[in-house]
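**Student:** Could you look at this predicted model? Sequence included:
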2 protein chains.
Amino acid sequence: MIQSRVHVSDLREHVGRTVTVFGWVNTLRLQSKMQFVVVRDGTGMVQVTHERDNGPLEARLQALTPESAVKITGRVVDAAQVKLGGLEIVPEAVEVLNPAATPLPIDEQTGIEHRLDWRFLDVRRRPAAQLIFAVQTTLEQGMREYAYAQGATEMHTPKLMGTASESGAEVFELGYFGRSAYLAQSPQFYKQMAISAGIEKVFEIGPVFRAEPSFTSRHATEFTGVDVELAWIDGVEDVMAFEEQMLTHAIAKVADAHGEAVRERFGVEITVPTTPFPRITMAEAHEILRKGGWHQEGIKEDLDPEGERSISAQIRQAAGHEFVFVTHYPVGIRPFYHMRPADDPSVTLSFDLLWKGLEITTGAQREHRYDVLLKQAAEKGMSPEPMQDYLNAFRYGCPPHGGLGMGLGRVLMVMLGLESIREVTFLFRGPNRLTP
Amino acid sequence: MIQSRVHVSDLREHVGRTVTVFGWVNTLRLQSKMQFVVVRDGTGMVQVTHERDNGPLEARLQALTPESAVKITGRVVDAAQVKLGGLEIVPEAVEVLNPAATPLPIDEQTGIEHRLDWRFLDVRRRPAAQLIFAVQTTLEQGMREYAYAQGATEMHTPKLMGTASESGAEVFELGYFGRSAYLAQSPQFYKQMAISAGIEKVFEIGPVFRAEPSFTSRHATEFTGVDVELAWIDGVEDVMAFEEQMLTHAIAKVADAHGEAVRERFGVEITVPTTPFPRITMAEAHEILRKGGWHQEGIKEDLDPEGERSISAQIRQAAGHEFVFVTHYPVGIRPFYHMRPADDPSVTLSFDLLWKGLEITTGAQREHRYDVLLKQAAEKGMSPEPMQDYLNAFRYGCPPHGGLGMGLGRVLMVMLGLESIREVTFLFRGPNRLTP
């Protein structure tokens, strides 16, 4: 890269020297005697101070527009009166690398939908938005570190499927050389195939697609899923143990790298959780909720968002923990491939993980016995033919296994205390949004 | 996980003790006095030796089928006569966790297409295939390590687009809530938007989709792309420098972790390249090829696969290097958004990277000046309206930038000396293949 470039956050080390800063015009104050330009890069903001002299530099500064991309070369000088770090740059050369048109299409008052239309400006102008993606990078890095240390293999499973996965209703269909293909709603079937292929621990971060007409703050038609699948498990407890360790490692890494910035930008404290996380069964959760007077209409077996928030709040009060695994979901609200315990076929060896009231993960031990799997599919009214490729993976020695799928955006929402998945997604996709 | 489980590769440390091994029945030799079962896990193979005694263990071993998933508990004993590590397991308990049906649908003679139909068995039964995904994991880890150390941010850009990207011809179209959406052929437009959003270095590994009816050994309709985009560059040289450093770091990591295994399984030596990689212009490449008598019919401006192999071979002979950057591709065969040098508008500030004769990367400095970009789009006969969201990113201060897109599968093919991208993809997708 450019050798002489200095990031704004490093300017203090260069007082008295001439440096080059690359960034955007954040604000302009063009007074009768002085010209002040605040320049912003990814690390901070600095004031560029120029005394009018009727020279070419004055004209160039005068012509600047907010958000133009500029290259400023100048001397860094101590200036105790300047709020931005107590220093300023006295410019020697100013180059406009890309001018910004005026006026800008968004400002501080712009609502979220219009901000999303101009997402590049929205993210560029808000240090908090930039921080989201730095946190995301560290979070993924932390999860991968843990998974690799456990011997996981990073797989890239196909997003194009020959038949609709799981439930056919909420799947996108596309034309594929004269026939139809479908977008994978999750890597579920393929990561199980990887288990049957002898990959002991499967790890994948990639896009998943949901053709659901959901307009909530936590749903998207395309989002980033973190998927894990583990072979040779003793039970679903092994999956939960893997997840709580992975999350704890990753959250600690984020707290270490960005804890202070997150506190400053979002007013949120990142607490590294203790392990094990609390666990309660769905039956226990219902009992707790009923005692509290909860009786959501129509919700007999599952938890609605209010129930999830209530359970989390009560666990937090009782156990002092932000996380809770809710286990043993009833058969009726879980897919056919979830294993059922031998002593109670009405429930599944499954779990959801709630963090501060939001479901961030669904997981389970999978049924790996071909005959039982066929039976459970039939009970759900599913025909084996369209999923024969999947079912075949269980006919030739598939190990016991289980896994989990986590929504990366939801983890970020909770971690940063943000209200909507639109804020933590670079370019959000929903039923009404396919742009920019 | 299971505490008492021992991987086959660690058995030597447990001689004299009782352990549990999980794996698959690799081969069975059921003789009149003795039963021999070779069990394979991801780390190796071990012989289980049982003297017939008319007991339940004998019956259980007798009923085993190849590729059944088994749990074997037994004593590890020294057995110098046994080729597999000079030890064997004397079984005390044998449990079939998942039986394999007979006969198996593939064997050692099965051709590639039928192997792909039963990919899970194909990968499970061949240690070389398992190694591919271990190498892939390390390779990605190495690339991410380098990118993170350079301050890159890992982005997940949408695969669903509102309008067809780049060229409309080879794009998959899908129904999207009563209208059409398109699958991204690359993260190109979105990673440039991330640059305009103030992300200084963008890194993404994810699926890309190509609706090309190509049936070669190096094309797929869905593959894993490694994408990098760098802001504030001085020129395309910065992009090439980033790539050669990233690749060198990652290849060194693979050589360190898997060099010996790759030599054993694939007969290939992984050579860590020196930097800088050789660079030649397209004009120089053509001159070299013409001197060698090359004149591929119909190829006037580009290199055909034969030309790529020939250039690589000659550079290898002349410079002793497996890699070569071919630069300055003519305008006619590069997209409208590639920047052109001020002193020669007939070429682009672009490059391909060839490794042992195969193109593994295309990269360029991008045109970030809105007016020039519009002009170049018009010259290619493209209308600005459908891509206005993209073009808007250049109207409000987009920094100079450039980047690259690398095919992960192609890198693996060359690294492991494999003939087809089908071999290095877990579940290959092509015009005729959407399953399993």
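**Tutor:** Looks like it arrived, so ask away.

**Student:** C-alpha from now on. contacts and neighbour counts both.
**Tutor:** Fine.

**Student:** Can you give me the end-to-end span of stretch A:266-273?
**Tutor:** Distance between the two ends of stretch A:266-273: 19 Å, counting by C-alpha to C-alpha, to the nearest Å.

**Student:** mind listing what's buried in it?
**Tutor:** A:Val268, A:Glu269, A:Ile270, A:Val272, A:Pro273 (16 or more other C-alpha atoms under 10 Å in any protein chain shown).

**Student:** Which of these fall in helices?
**Tutor:** Of those, none are assigned to helices by DSSP state H.

**Student:** Flag every residue of the stretch 251-400 of chain A that's near chain B.
**Tutor:** The stretch 251-400 of chain A comes close to chain B at residues A:His368, A:Arg369, A:Asp389, A:Tyr390, A:Ala393, A:Phe394, A:Arg395, A:Tyr396, A:Gly397, A:Cys398, A:Pro399, A:Pro400, as judged by C-alpha under 8 Å from any C-alpha of the partner chain.

**Student:** So the last one versus B:Gly363, what's the distance?
**Tutor:** A:Pro400 sits at a distance of 44 Å from B:Gly363 (criterion: C-alpha to C-alpha).

**Student:** quick one: which of the two has more around it?
**Tutor:** Comparing A:Pro400 with B:Gly363 by other C-alpha atoms under 10 Å in any protein chain shown, the one with more neighbours is B:Gly363, at 25 against 21.

**Student:** The more buried one bridge partners, please.
**Tutor:** Counting by DSSP bridges, B:Gly363 is bridged to B:Phe351, B:Leu404.

**Student:** Can you give me the distance of it to B:Leu354?
**Tutor:** B:Gly363 sits 12 Å away from B:Leu354, going by C-alpha to C-alpha.

**Student:** likewise A:Met387?
**Tutor:** For A:Met387, the distance to B:Leu354 - C-alpha to C-alpha - is 40 Å.

**Student:** What of A:Val324?
**Tutor:** A:Val324 sits at a distance of 51 Å from B:Leu354 (criterion: C-alpha to C-alpha).

**Student:** which non-adjacent residue is nearest the residue of the stretch 301-436 of chain A found nearest chain B?
**Tutor:** Across the stretch 301-436 of chain A, no residue is closer to chain B than A:Tyr396, which sits at 3.6 Å (C-alpha to the nearest C-alpha). Once flanking residues are discounted, A:Tyr396 sits nearest to B:Ala100: 3.6 Å by C-alpha to C-alpha, 6 or more residues apart in numbering or on different chains.

**Student:** all helices for chain A, in order.
**Tutor:** Along chain A, counting by DSSP H, helices occupy A:56-62, A:112-117, A:119-125, A:127-149, A:188-196, A:236-266, A:282-291, A:305-319, A:370-379, A:388-392, A:408-416, A:421-424.

**Student:** could I get those as CSV with mean pLDDT and distance to A:Gln31?
**Tutor:** Compiled in CSV, the helices of chain A are given as follows (pLDDT from 0 to 100; distance: least, C-alpha to C-alpha, whole Å):
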stretch, mean pLDDT, distance to A:Gln31
helix A:56-62, 96, 10
helix A:112-117, 96, 31
helix A:119-125, 97, 24
helix A:127-149, 97, 27
helix A:188-196, 97, 62
helix A:236-266, 98, 31
helix A:282-291, 91, 64
helix A:305-319, 93, 53
helix A:370-379, 96, 75
helix A:388-392, 95, 71
helix A:408-416, 98, 40
helix A:421-424, 97, 37
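
**Student:** For A:Glu237, see how far away the nearest residue to A:Ile205 once chain neighbours are set aside is.
**Tutor:** Once flanking residues are discounted, A:Ile205 sits nearest to A:Val226: 4.6 Å by C-alpha to C-alpha, 6+ apart. Separation of A:Val226 from A:Glu237 (C-alpha to C-alpha): 19 Å.

**Student:** So which of these two has more stuff around it?
**Tutor:** Neighbours were counted for A:Val226 and for A:Glu237 using other C-alpha under 10 Å; A:Val226 has more, 22 against 18.

**Student:** Run through the bridge partners of that one.
**Tutor:** Beta bridges link A:Val226 to A:Ile205, A:Met406, judged by DSSP bridges.

**Student:** And for the residue nearest to A:Glu170 when sequence neighbours are not counted, the neighbour number?
**Tutor:** If the residues on either side of it in the chain are set aside, A:Glu170 comes closest to A:Ala211, at 4.6 Å by C-alpha to C-alpha, 6+ apart. A:Ala211 sits with 21 neighbouring residues when counted by other C-alpha under 10 Å.
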